[in-house]
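Undergrad: the following block contains a protein sequence and its predicted model.
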Amino acid sequence: MSILNTKALKGVICGLLAISIVSIACAGAGDRDSAMPAIEVQPKIGGASVVSSSAYARDCFPEFEKIKVDPAYKYLTLEPGDSKNFTVTVENKDNKTIELKPKPLITPYTENFINENWISISPSEKNLKPGEKQEFQVKVDIPKDSDLGSYAALIAFTEKVPEGDIAGYYSSFPGTMQLNIQVWVKPSVQILTPYVNDLVEAGKDYTYEIKLRNTGDKDITISPELAEGGSIIYAESIASSEEMLQQAIGDNAIRIEAPDNIKAGQTAIVKLTLKVPANAKGSYSGSLDLNIDDPGIRDYEEIVSLNFRILPVPEKPYENTFEARTDGPITLEIKAYQYGYSLYTTGGNRNLTPSFNVSLVDPSGNEVTPVLVNTKYSGSVNIVADTYPQPPYPIPYMSLRITDSMKTNDQGNYQGGTTTFVETYTVPGAVGKWTLLILPKNTENFEYTATIGAAEE
């Protein structure tokens, strides 16, 4: 193979290695500096291990190992028309002078493409002697008419840094610093009801209030509608794929009433009315797009999650057997949990206190009705600053069932969480096999404990 072909092959391999390295995603609020070490990867060509990314940098661009850039990463949040200055220190770790000519490189993989004119660097060039350090002043100016969103660029301090795809994939390339900019404006509208999560009963109607507060000095228009294609429907039946895809609650069962705008400094209410079909079973998971005309709110941030779980009503009691080895009394403890349903509910029957119809069949085959000894309620309470918490991101349905608070238990700064219901029964015992039957009401779950002999105090 000729020397020319060898060099060409080496260049191709170096480029492929660079493209194989996925850039590190960096996010956060405010200004942030971070040291970003090279990612050690071991790609293979023809089944043989090849050099890591750091070795790639040494072999293909050895001069960059002699340049230390601090910080290697900078994150800025700026509004249109704002500017920001920061300092970058470059150190020559080589034994010869290095010529520095800093400039921004536009990376190909970013939400928005930054204009090079937004970034100015001083000094514009510097011959850096061995062991010498140089501070560069970087200024970022965001035009007033710039689009909101994320921008990214590499600031290279030599002219030999790779550009294009290689620079885009290798965000921490030696001799460069990564600059990420979030251009934003402060939103005027606060979404005080970020989700609706409820346990509902078939054949009943429910009303929910979604509160929106306008903290700005101008009226803001809204146009709420159910998001198309954003609903995920679950059904209880697993008899066929068609039944699995059937809607537990159709979108036409949800009616929306909302004003055309939110007046400056005021709070508006979007009213949802849910009419649950009489034969509905399963769950509904969808979303409400508020369509808020507020430049500070992105499309995905104006979505209210809607989750409705239809209360299952079993027709037959749960049945299980246990064996008593003594004639001691039998004590039954049945426990149910009520999660954070009914948040933001203003109408409908909310009396969903769990209860149980309990019976036993003794070893002789006789049905025995146990005596209810006591009922116990316990709950968790959160102390909060706002009755309507605003999470920073949409929360999945399953986690809501455990962590949400119920508005029916709200008292100012106190929010009730999961409530536990315990019923204790007793019945005279006998040696032999017993059958326990429990028909639950107003609950999705329960636990039971059968104690044979004297119950613990």
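TA: Received it, and whenever you're ready, just let me know what you need.
Undergrad: so, low pLDDT: which residues of this structure?
TA: Low-confidence segments of the chain (pLDDT under 70): 1-65, 161-173, 229-247, 340-351, 384-416, 455-457.
Undergrad: any idea how many residues pack against K441?
TA: Number of residues near K441 (other C-beta atoms under 10 Å) recorded here: 14. The C-beta positions use only the backbone N, C-alpha and C, and glycine is treated the same way.
Undergrad: what's the neighbour count on the closest residue to it other than its chain neighbours?
TA: Of all residues not flanking K441 in the chain, S355 sits nearest, at 4.9 Å (C-beta to C-beta, 6 or more residues apart in numbering). Neighbours of S355 under the rule other C-beta under 10 Å: 15.
Undergrad: need the contact list for S355.
TA: By C-beta atoms under 8 Å, 6 or more residues apart in numbering, the contact set of S355 is 423, 440-442.
Undergrad: and for R213?
TA: Contacts were defined as C-beta under 8 Å, 6+ apart; by that measure R213 touches 189-190, 192, 262, 266-268.
Undergrad: these two touch, right, P143 and P80?
TA: Yes. P143 lies in contact with P80 (C-beta atoms under 8 Å); the separation is 6.7 Å.
Undergrad: returning to what we had before: if I look at the residue nearest to K441, how far off is K335?
TA: Distance, S355 to K335, by C-beta to C-beta, to the nearest Å: 13 Å.
Undergrad: for L360, same thing?
TA: From L360 to K335 the distance is 18 Å (C-beta to C-beta).
Undergrad: who has more neighbours, the two?
TA: In this view L360 and K335 are compared by other C-beta under 10 Å, and L360 has more residues nearby, 21 against 18.
Undergrad: do you have the helices of this structure handy? List them.
TA: Ranges of helices within the chain are 3-19, 53-60, 164-169, 241-245, 397-403, based on DSSP state H.
Undergrad: related to what we said a few turns ago, scan the contacts of R213 and report the most crowded one.
TA: Neighbour max across these (other C-beta under 10 Å) = I262, 28 neighbours.
Undergrad: I'd say that one and G216 touch.
TA: No. At 9.1 Å, I262 and G216 do not qualify as touching, with contact defined as C-beta under 8 Å.
Undergrad: find residues that contact each of the two.
TA: Common contacts of I262 and G216, defined by C-beta under 8 Å, 6+ apart, comprise V189.
Undergrad: can you list the buried residues in stretch 354-365?
TA: 354, 356, 358-362 (16 or more other C-beta atoms under 10 Å).
Undergrad: which of those fall in strands?
TA: With DSSP state E as the criterion, strands contain 356, 358-361 from among the buried residues of stretch 354-365.
Undergrad: which members of the residues you listed are the farthest-apart pair?
TA: The span of those, defined through C-beta to C-beta, is set by F356 and V361 at 16.3 Å.
Undergrad: on that earlier part again, identify the contacts common to P143 and P80.
TA: Counting by C-beta under 8 Å, 6+ apart, P143 and P80 have no common neighbour.
Undergrad: let's have the buried residues of stretch 354-365 in CSV, adding distance to N85.
TA: Below are the buried residues of stretch 354-365 laid out as CSV (distance: C-beta to C-beta, whole Å):
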residue, distance to N85
P354, 62
F356, 69
V358, 73
S359, 78
L360, 79
V361, 82
D362, 85
